[in-house]
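Novice: I'll drop the sequence and a predicted model, then ask my questions.
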Amino acid sequence: MNAMSQPLWLLLLLPAVGAVCALALGRARPDAAKVVALLTALLQAVVTAYLIAPVFSGSAVRVWQIGAAAAARTPLVVEGLSGSLVALTALLGIVAVLASWKVDLRPGSHFALLLLLQAAVTAVFLANELVLFYVAWEAVLIPMYFLIGVWGHEQRRHAAMKFFLFTFAGSALMLVGILLLVAVPGVLAPEGRGVVAAWQPLVFWLLMAGFAVKVPIWPLHTWLPDAHVEAPTAGSIMLAGVLLKMGGYGMLRWAYPLAPEAAAAAGPLLAALGIIGIVYGALMALAQTDLKRLVAYSSVSHMGFFVLAVSVGTQAAYTAAVLVMVAHGLTSALLFLLVGSLYDRTHTRDMSRFGGLVRTIPLWGGTFVFACLASLGLPGLAGFPGELLTVLEGFGRYGWWMGIVAVGVVLAGVYNLRAIRRVGHGAVSAEWADLPDLALHEKVAVTLLVLSIVAMGIYPTLVAVAASGWAGLLVPAGG
Amino acid sequence: MSLSWPWLVSGGVSIPLEFGIDPLAAVMLAVIGVVTLCVVVFSIGYMKGERGLVRYFGVIALFALAMVMLVTARSLVGLFVGWELVGACSYLLIGFWYEKPSAAEAARKAFIVTRVGDAGLLLGMALLWREAGSLDIATLLGRPESLGSGVLVAATLLLFAGAAGKSAQFPLHTWLPDAMEGPTPVSALIHAATMVAAGVFLVARMWPLFAAAPTTLSVVIAIGAFTALAAATVAMAQSDIKKVLAYSTISQLGFMFAALGAGAWVAALFHLVTHAAFKALLFLSSGSVIHGSGTQDLREMGGLSRKMPVTTVVWVVGGLALAGVPPLAGFFSKDAVIASVLHASPLAGVALVLASVLTGAYVARATRLAFFGEYRGTSHPHESPAVMTGPLLVLAVLAAVLGLAATAFGTFLGAEHEAISIPVAVVSVLAAGLGIAMGWIVWSRDAVAEQYFAPALRRVWEAARTGYGLDTLLDRVVVRPVAAVARLAYGFVDGVAIDGVVEGTASAASGLGGLLARLSNGEIGWYGTLMGLGTVLVIAATIWLAR
């Protein structure tokens, strides 16, 4: 309850002001733009920490009522579910700025867009009204489109377009769902009891169209590898780290509580798609020669765990879903940061051209090994608790189908160790014998992520406590 | 003494990590402590001048921590955390010389093959989580009957899959011989004494569940006995001194599993302890040999007893203990194993007796080829420094006298340790003696005495030398098909079927001209159009809402 009175709008205003300053300074003083961006991101992190601290003590779980009168609604709110994701956004905001430290193409605009992206994503997580949520949701597309389309790699136009059209198609359907909710009388039941039974399936699937593309749920994932491969490093970090989580957040924050019966009915279908995503994404990752594409497909696999966890329908499983999201945000951000910094040095992502990088650039190489181990779900690191809990809870509802997930767990080992084998281990490639190791700004970014990954592996309770309050609201009373 | 950490505790889920010491954990802690200490001290000499020593000793320390977590965990989750972490440390240490392609491959293979077993363990945990609602070990072991026999058999078989992967039992053993790419002290610590024994420990830890699942026990005894015998034949035919020891380890772990399958978990555990002592000793001795002679190939050794007297003596002590010669440690533990297995399944018992013959034979062959006869190499062998021979002497004493603790060991674990069965002792000593004599006499003739074998035996020898081609087989039926499926799926399903629809829709739409065609030109103006449309809709909605 106390979270309501806090000035959450600061979290939107800060990056917006920072963006204006970066843009204004960018023309004359490119260096000043990045300093402004970094300071803004740091300040944002401090304010975030201050504002969302109550969430992590489990005290700020707000019972949510969509049917309440418009005047009674607070436009912005933070609760257990969004708390972790807002924190993740603030952390990755810093990392993204550091990752683009060496951008020399119109740095002012670049950093301004990054900060605007951060503001928009934060607004998605804080929005307490569907209309505001939708506006923020679409607003995220704008900076992301330009980040990919202007600062991306060779095929950037095509990738930016594909990203835009794909997600826009999904969110157009979502908009129809939202319009049904806010504009058609009789769709919403009175007294905050969600959508009336007859409308639930339609509303649920319309909303899910937007969310499923973002997550992405198999087979709506094909925009993701293209977008990732072509995006600049900071873009990939934000894309994998927080933009995918918008879809997951949307499911848990809006679709599931609004249409619980339709959501429950969708369980087996979503479970099947999630399980397919886990194995399929892993197989795709296994087939890649492009390192960045490998990481992109591993995201499909990891988010498959999220989809599976959500489909189970217990409080523990919903908690697991949030754990998976946060863990994937940290791990994929680290992997994309590393892959991006390698690309900056070598201008290639072709794994067959690397080898022995643990020897040539030991800091980079050591962190890469760490990141791959985190990605394969090693206990003690971030990914393990969520995926373990997903399998445990998933078995309770779907039984031996978890055997297929176990295959995915093995495959995660295979593709991650293959990446280490090709890139970090093996004979030193003469081509890259003189590569410089991580620079200071990269070291700082890497350190932030590594510490977060270890912390979450050792004490996932922190995230779980915040999430489980919301998770409890999603479980029907007595169920 | 116990320790509790609220690892994953919130509304709707409670998975704390709790650790505590009971007699079983205490036994394992003693093994871990002693062997780790010996290995670390030995490494100071053995790894002198290597690059990456911070990494080396750092990962060994992490390994010891993970191993302690594994054996002291009070829940299966805590055990699994340690279980996976020791696997990761094993991966990092096998790949210590990661620039060498064979080492990098071996590391990867070890992790992935054991992970296949771990996937079984994970499923077993999930099943128990559903059926018992908890993964706390005391809770699970409290009333196994309440789980129902079907669940018990499934759960224990899945746990055993994990155990078989970690403890290199057929058909998940193929990673262990390759793991010899790691530094030899690492082989002694991880791939002989501690981590590979974790599977045996897991079954002993969950014993009441296994005891209530006779079907599982018959699988365990069959796999254990088969592995013990088959691996011993492969050990016979290896020319790399470390490969002999690696297959010997697989074989001895098979002895332990056979004992578990026969219901004699204390005997299995006692063999685990004595094996840890004499196999760590043998591995470290082989390290000393490699250090002194510069080769791992038995055919390039010979006569080392004159140059490396200390190493020779400790090797012989370890070898005789492994062969089961009284009064050394291996005699007592192996005798108990064979006695219990013979009682439970005569067929499996006979397999173990045959394996004992072969054990004596490969020990004698390796000893004869390395330390006696004429020197066949080109280097200048020398004895290792005291920092290396010191730990060897400590382990040699343990390998010699641990057997005397058999009764105390059983009492400590709260079980009756059966008195030595005289007929079984006679049989097993005769078996060992026969094997030793065979190995010694045959390979006294020539370092490659196998070339004089009859053609039929020669073919068997060749098959055994390659591990009966199992690696090639698994490569053909598992590894390559998976890679092919991945590539095919990437090319056709992702590239053509799914993305084809997406891209096809986009280009069809753009073919119609209008908005989409302008979008593909990369112009910026399109966004305004779409966004404007969106805004109109949003405003309309808001107005409607505010009516």
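Specialist: The structure has been received and is ready for your questions. Computed from a prediction, not measured in an experiment: that's the story for all the values here.
Novice: Low-confidence ranges, chain B, go.
Specialist: Applying pLDDT under 70 to chain B flags residues B:416-419, B:505-547.
Novice: let me redo that: chain A
Specialist: For chain A, applying pLDDT under 70 flags the ranges A:1-5, A:58-73, A:191-192, A:477-479.
Novice: How is it divided into domains?
Specialist: Domain assignment for chain A by automatic domain parsing gives A:1-258, A:266-479.
Novice: Spatially nearest residue to residue 101 (excluding sequence neighbours)?
Specialist: Since you didn't name a chain, this refers to chain A. A:His441 (4.3 Å; CB to CB, 6 or more residues apart in numbering or on different chains). All C-beta atoms are positioned from the backbone trio N, CA, C, and that covers glycine.
Novice: that's the wrong chain, I wanted chain B
Specialist: Of all residues beyond its chain neighbours, the one nearest B:Pro101 is A:Gly426 (5.6 Å), with distances taken as CB to CB, 6+ apart.
Novice: Phi and psi next, for that neighbour.
Specialist: As for A:Gly426, its main-chain torsions (degrees, to the nearest 10) stand at phi 90, psi 180.
Novice: what's the neighbour count on the closest residue to chain B within chain A?
Specialist: Relative to chain B, the nearest point of chain A is A:Gln315 (3.1 Å; CB to the nearest CB). By other CB atoms under 10 Å in any protein chain shown, 23 other residues sit near A:Gln315.
Novice: got the contact list for it?
Specialist: A:Gln315 sits next to A:Ser468, A:Ala471, A:Gly472, A:Leu474, A:Val475, B:Gly11, B:Gly12, B:Val13 when contact means CB atoms under 8 Å, 6 or more residues apart in numbering or on different chains.
Novice: For the first one, which residues are in contact?
Specialist: A:Ser468 makes contacts with A:Gly58, A:Gly80, A:Gln315, A:Ala316, A:Tyr318, A:Thr319, B:Ser10, B:Gly11, B:Gly12, B:Val13, as judged by CB under 8 Å, 6+ apart.
Novice: Which strand or helix spans A:Leu81?
Specialist: Using DSSP states H and E, A:Leu81 sits within helix A:80-99.
Novice: Would you mind putting the CA coordinates of that helix into CSV?
Specialist: The C-alpha trace of helix A:80-99 is given here as CSV (Å, rounded to 0.1, in the frame of the first residue of the first chain):
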residue,chain,number,x,y,z
GLY,A,80,6.0,-7.5,-6.3
LEU,A,81,5.8,-8.6,-9.9
SER,A,82,6.9,-5.4,-11.5
GLY,A,83,9.4,-4.6,-8.7
SER,A,84,12.0,-7.1,-9.9
LEU,A,85,11.5,-6.1,-13.5
VAL,A,86,11.9,-2.4,-12.8
ALA,A,87,15.0,-3.1,-10.9
LEU,A,88,16.3,-5.2,-13.8
THR,A,89,15.5,-2.4,-16.2
ALA,A,90,17.5,0.1,-14.0
LEU,A,91,20.5,-2.2,-13.9
LEU,A,92,20.5,-3.0,-17.6
GLY,A,93,20.0,0.7,-18.2
ILE,A,94,23.5,1.3,-16.8
VAL,A,95,24.9,-1.7,-18.6
ALA,A,96,23.5,-0.6,-21.9
VAL,A,97,25.0,2.9,-21.6
LEU,A,98,28.4,1.3,-20.7
ALA,A,99,28.0,-1.1,-23.6
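Novice: Number of residues surrounding the residue nearest to B:Pro101?
Specialist: Applying other CB under 10 Å, we find 22 other residues in the vicinity of A:Gly426.
Novice: do B:Ala197 as well
Specialist: For B:Ala197, using other CB under 10 Å, the count is 30.
Novice: measure the closest residue to it other than its chain neighbours to chain A for me?
Specialist: Once flanking residues are discounted, B:Ala197 sits nearest to B:Leu272: 4.9 Å by CB to CB, 6+ apart. For B:Leu272, the distance to chain A equals 24 Å [CB to the nearest CB, to the nearest Å].
Novice: what's B:Leu272 in contact with, if anything?
Specialist: B:Leu272 neighbours (CB under 8 Å, 6+ apart): B:Val31, B:Ala197, B:Val200, B:Phe201, B:Met256.
Novice: Just the ones of the residues you listed in helices?
Specialist: B:Val31, B:Val200, B:Phe201, B:Met256 (DSSP state H).
Novice: for chain B, what are the nearby residues on the stretch 51-200 of chain A?
Specialist: A:58, A:70, A:131, A:134-135, A:138, A:142, A:145, A:149, A:157, A:161-162, A:165-166, A:168, A:175, A:178-179, A:182-183 (CB under 8 Å from any CB of the partner chain).
Novice: quick revisit: save the domains of chain A as TSV, and put in distance to B:Ala280 too.
Specialist: Converted to TSV, the domains of chain A look like this (distance: least, CB to CB, whole Å):
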stretch	distance to B:Ala280
domain A:1-258	45
domain A:266-479	26
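Novice: Which one, of the ones you listed, ends up nearest to B:Thr249?
Specialist: Checking those against B:Thr249 by CB to CB gives domain A:266-479 as the closest, at 23.2 Å.
Novice: show me what contacts whichever residue of the stretch 1-150 of chain B sits closest to chain A?
Specialist: Closest approach of the stretch 1-150 of chain B to chain A (CB to the nearest CB) occurs at B:Gly12, with a separation of 3.1 Å. Applying CB under 8 Å, 6+ apart to B:Gly12 gives the contacts A:Thr314, A:Gln315, A:Ala316, A:Thr319, A:Ser468, A:Ala471, A:Gly472, A:Val475.
Novice: Hmm, the fourth one is touching A:Ala466, no?
Specialist: I take that to be A:Thr319. No. Using CB atoms under 8 Å, A:Thr319 is not in contact with A:Ala466; the gap is 9.4 Å.
Novice: if we can go back for a sec, next, count neighbours for the residue nearest to A:Trp101.
Specialist: Neighbour number of A:His441 under other CB under 10 Å is 17.
Novice: name the element it belongs to?
Specialist: Using DSSP H and E, A:His441 falls within helix A:440-458.
Novice: Would you mind identifying the next helix or strand past that helix?
Specialist: For helix A:440-458, the following helix or strand on the C-terminal side (DSSP H and E) is helix A:461-474.
Novice: got the buried residues for that next one?
Specialist: For helix A:461-474, a neighbour-count test (16 or more other CB atoms under 10 Å in any protein chain shown) marks A:461-474 as buried.
Novice: Stretch B:377-395 now?
Specialist: Buried residues in stretch B:377-395, counted by 16+ other CB under 10 Å: B:Gly377, B:Pro381, B:Glu383, B:Ser384, B:Met388, B:Thr389, B:Gly390, B:Pro391, B:Leu392, B:Leu393, B:Val394, B:Leu395.
Novice: Nearest spatial neighbour of A:Thr48, chain-adjacent residues omitted?
Specialist: Distances taken as CB to CB, 6+ apart place A:Ala90 nearest to A:Thr48, at 4.0 Å, with adjacent residues excluded.
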